[in-house]
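Participant: fold the following for me, if possible:
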Amino acid sequence: MKAMKTTAALVAATVLLNGCTWMMWGMNDPFGETTTFPLVGKDNIHAFGTVKESTAQLERGSLVMMGGKYWFIVNPADSAKLVEILNIKLDKQFQMVQHNPRYRYEALPVTLKKADSAEFSSNFCLRYDTEKASEIKQLQALSFKETKIDKQTAYVRCIEAAGKYYNVPQQMKADYRFDQSVPVAIRYEVTTKQTDYYKLTSNIIMTPLTLAGDAAVAVTAIALSPLNLLVKAVGN
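Facilitator: Numbers count the residues shown, from 1 in each chain. The predicted model follows:
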């Protein structure tokens, strides 16, 4: 029993010794990251198609977004969600917006895994403003959520899609969906690690002093343990 109490006291001391030091490094973290999305290229999607039969590069059921320079092939699982929305019969076009639906995207965001990668992902939301019961019913059936935006009733659904993009092949029949093209902005994610050397130096210099302060607290905590036992013994 005595050994267990001694071990507990040592553990408590270790935690107290490290507590303030961890807090200092956490609150004054000298290491950071900056993420940017450099523009790789642009395109305009003028048509959509679907893959009827699998090939070496295309999977059956994939949605093909056909641009002037590239084809963006969405994987079958994500394609199924998009095709449902593309086939809906509404009076107006959707607005392509950010996760805050007040802000529109000027172009469909396509993000590459790496600058030299053919794999992409796209994350955006579709917004449709209406008060027509027939349109609302269709939108709600496709999981669009009602949102109030500046006293305007809007229906919004956010979408994540992934796939690969290729140069435009020589011949392919297009299944047209839009009267006007959809601009595309192709980017890739770059994460740069940074070090604030002033904070780093400050933390390193302060660490021994912080441990000294922690040690005083720890010693007090250890000294109280046998005192508490003595009080209990006297009380009994």
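Participant: mean confidence for whichever strand in the chain runs longest?
Facilitator: Looking across the chain with DSSP state E, the single longest strand is strand 152-167. When pLDDT is averaged along strand 152-167, the result is 94.
Participant: residues in contact with stretch 133-153?
Facilitator: 84-85, 88-91, 101-102, 126, 128-131, 154-157 (CB atoms under 8 Å, 6 or more residues apart in numbering). Backbone N, C-alpha and C define where each C-beta goes, glycine included.
Participant: for that stretch, buried residues please.
Facilitator: Glu135, Ile136, Gln138, Leu139, Phe144 (16 or more other CB atoms under 10 Å).
Participant: and the helices in this protein?
Facilitator: 2-27, 76-86, 133-141, 197-235 (DSSP state H).
Participant: tell me what angle the shortest one forms with helix 76-86.
Facilitator: In other words, helix 133-141. If you take axes from the mean of the first three to the mean of the last three CA atoms, to 10 degrees, helix 133-141 sits at 170 degrees to helix 76-86.
Participant: list the buried residues in stretch 48-64.
Facilitator: Phe48, Gly49, Val51, Leu58, Glu59, Gly61, Ser62, Leu63, Val64.
Participant: quickly name whichever of those is closest to Asp78.
Facilitator: Distance to Asp78 across those (CB to CB) is lowest for Leu63, with 7.8 Å.
Participant: the closest one against Ser79, yeah?
Facilitator: Yes: the pair Leu63 and Ser79 passes the contact test of CB atoms under 8 Å, sitting 3.7 Å apart.
Participant: quickly list what's touching both of the two.
Facilitator: Each of Thr50 lies in contact with both Leu63 and Ser79 under the rule CB under 8 Å, 6+ apart.
Participant: quick one: low-confidence parts of the protein?
Facilitator: Applying pLDDT under 70 to the chain picks out residues 1-32, 171-179, 194-236.
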